[in-house]
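*Asks:* Dropping the sequence and predicted coords here.
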Amino acid sequence: MSQTPSPDVVIIGAGVVGAACAYYARAAGLLAAVVDRGPVAGGTTGAGEGNLLVSDKEAGPELDLALLSTRLWRELADVLPAETEYEAKGGLVVAPDETTLKALRAFAEGQRARGVEAVEVDRDALRELEPHLAPGPAGGFLYPQDAQVQPAQAAARLLAASGAPAYLGEEVVEVLTSDGAVRGVRTAARTLLAPAVVNAAGTWAGEVAALAGTTLPVLPRRGFVLVTEPLPRVVRHKVYAADYIADVASDSAALQSSAVVEGTPAGPVLIGATRERVGFDRGLSPQALRRLAAQAAALFPVLADVRVMRTYHGFRPYLPDHLPAIGPDPRVPGLFHACGHEGAGIGLAPATGALLAAALTGGEPPLPAHPFRPERFDGAPPEGARPAGRSRSVPRRNP
């Protein structure tokens, strides 16, 4: 086993969140090292669509985090290579009826108070924005701040820009401690000594927390994505029915699906998203795939006869109150967490990295960090967090 030169911080996880933590640690003057049992973006990041959304987040701490990340992603787009495929395409939320449209108005009103751009569009304007959209919706809301990246490339380019050495294919088997405080990590190949360790292990973050002698109730939530054959740009924005907002907020373990449809620079259309808690079951779900295909064709009839070239799925790291855990763990000095973002990790990664860098250096955080404190599950929910089980105010239709 080799002894590697000591960094200031070891980051466990080479997904987009771990890469962002390394990038902003470097910006704060820290030397980071990244370790992952697989490749870059080998977990949740590589199975994502690359969503950078504010449209699906109600007013509160997660939305504030998303707005900060929106600004930071724009800055990153100017310095990262073009392969990141940052595209400020905007999001379009579609309301099938007047009742849902009324609920969307109230939802958007709260968002606007926090700085979100939300523009109501009527039935005719919807068709101007998306000519291939099915007739019938009562209206919707356009969110110009919604954007997109190629997730695996975003993680790889952020990690490369951080300058951090990455030890890939090396599983952390021990979090080293002394007198109750973290002192580094050990893999089968090497020991990495550092005064700080960041748990950015995604759906496996609970296991990493246990290695350090603490707990974090991260659970996997499976989701599928369909990829069509390459097409002309038939979908201009990221388009989804209002059901999706309720699905994101739901605590149900059962299968839920609501179509999120978007074109890509390369041509294929991506169709998500499903959610279900089935542990780490990687089995294919024909029911989930049929639902997605039917819902996408209902939004865009032009897709009904388009070939699906492949499907992929992954696991979102789910925490009970739908907020990530970001910051120091007071139960284990030297341990920091950056995990539990569920399906929003790609969008929230830069703000997470900036918050972590401030915590590591004792600097002023860019926004209040209290709602994301990792130890909050030991007691009462943090102020401002949405308690588990409370749905957002947009009604959910039966599938």
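*Replies:* Happy to help now that I have it.
*Asks:* give me the number of residues near R331?
*Replies:* A count of nearby residues for R331, using other Cβ atoms under 10 Å, gives 15. Placement of C-beta: from N, CA and C, glycine included.
*Asks:* surely it meets A209?
*Replies:* No: when contacts are counted by Cβ atoms under 8 Å, R331 is not listed as touching A209 (9.4 Å).
*Asks:* Where does M309 sit: helix, strand or coil?
*Replies:* Per DSSP: H, G, I helix; E, B strand; the rest coil, the local secondary structure of M309 is strand.
*Asks:* I'd guessed it sits against P268; true?
*Replies:* Yes: M309 lies in contact with P268 (Cβ under 8 Å); the separation is 6.9 Å.
*Asks:* so what sits against both of those two?
*Replies:* Taking Cβ atoms under 8 Å, 6 or more residues apart in numbering as the contact rule, M309 and P268 both touch 227-229.
*Asks:* Most neighbours among those, which one is it?
*Replies:* With neighbours taken as other Cβ under 10 Å, the top of these is T228, carrying 23 neighbours.
*Asks:* so of the shared contacts of M309 and P268, which ones are in helices?
*Replies:* Members of the shared contacts of M309 and P268 lying in helices (criterion: DSSP state H): none.
*Asks:* A32: which of the residues you listed is nearest?
*Replies:* Checking the shared contacts of M309 and P268 against A32 by Cβ to Cβ gives V227 as the nearest, at 33.3 Å.
*Asks:* the strands in the stretch 1-150 of the chain, which residues?
*Replies:* Using DSSP state E, counting those that start in this stretch, the strands found in the stretch 1-150 of the chain span residues 2-4, 9-12, 32-36, 51-52, 91-95, 119-122, 139-143, 147-148.
*Asks:* Report the residue spans of the stretch 101-250 of the chain with pLDDT below the cut-off.
*Replies:* For the stretch 101-250 of the chain, applying pLDDT under 70 flags the ranges 247, 249.
*Asks:* Which residue ranges of the stretch 251-399 of the chain form helices?
*Replies:* Per DSSP state H, counting those that start in this stretch, the stretch 251-399 of the chain carries helices over the ranges 286-299, 345-361.
*Asks:* circling back to that earlier point, could you check which of M309 and P268 is surrounded by more residues?
*Replies:* Shown here are M309 and P268; by other Cβ under 10 Å, P268 has more neighbours (19 against 11).
*Asks:* just checking, that one touches T228?
*Replies:* Yes: in terms of Cβ under 8 Å, P268 counts as a neighbour of T228; the distance is 5.2 Å.
*Asks:* Show me whatever sits in contact with both of those two.
*Replies:* Common neighbours of P268 and T228, using Cβ under 8 Å, 6+ apart, are M309.
*Asks:* Nearest to R222, out of the helices of the stretch 251-399 of the chain?
*Replies:* Distance to R222, taken as Cβ to Cβ, is lowest for helix 286-299 among these, at 8.5 Å.
*Asks:* elements contacting that closest one?
*Replies:* strand 219-228, strand 238-241, strand 256-263, strand 269-275 (3 or more Cβ pairs under 8 Å, 6 or more residues apart in numbering; DSSP states H and E).
*Asks:* okay if I get those strands as TSV plus distance to P144?
*Replies:* Below are the helices and strands packed on helix 286-299 laid out as TSV (distance: least, Cβ to Cβ, whole Å):
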stretch	distance to P144
strand 219-228	24
strand 238-241	11
strand 256-263	15
strand 269-275	20
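*Asks:* Tell me which of the ones you listed lies nearest to P135.
*Replies:* Of all these, strand 238-241 comes closest under Cβ to Cβ, at 14.5 Å.
*Asks:* who touches the closest one?
*Replies:* Contacts for strand 238-241 (Cβ under 8 Å, 6+ apart): 51, 53, 89-94, 96, 130, 133, 146, 148, 258-262, 295, 299-300.
*Asks:* partners of it, with directions?
*Replies:* Applying DSSP bridges to the sheet, strand 238-241 is found paired with strand 91-95 (parallel), strand 256-263 (antiparallel).
*Asks:* re the thing from before, between the helices and strands packed on helix 286-299, which gets nearest to A77?
*Replies:* Closest to A77 of these is strand 238-241 (Cβ to Cβ; 16.4 Å).
*Asks:* Just the CA atoms of stretch 26-41, as CSV, please.
*Replies:* Extracted in CSV, the C-alpha atoms of stretch 26-41 (Å, rounded to 0.1, in the frame of the first residue of the first chain):
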residue,chain,number,x,y,z
ARG,A,26,-9.1,24.8,-5.2
ALA,A,27,-10.6,28.3,-5.7
ALA,A,28,-10.4,28.7,-1.9
GLY,A,29,-6.8,27.8,-1.9
LEU,A,30,-7.1,24.2,-0.7
LEU,A,31,-5.4,21.1,-2.2
ALA,A,32,-8.0,18.4,-2.7
ALA,A,33,-7.8,14.7,-3.6
VAL,A,34,-10.7,12.8,-5.0
VAL,A,35,-11.3,9.0,-4.6
ASP,A,36,-14.0,6.9,-6.1
ARG,A,37,-14.6,3.2,-6.4
GLY,A,38,-15.6,3.7,-10.0
PRO,A,39,-15.0,6.1,-12.9
VAL,A,40,-15.8,9.8,-13.0
ALA,A,41,-19.6,10.2,-13.1
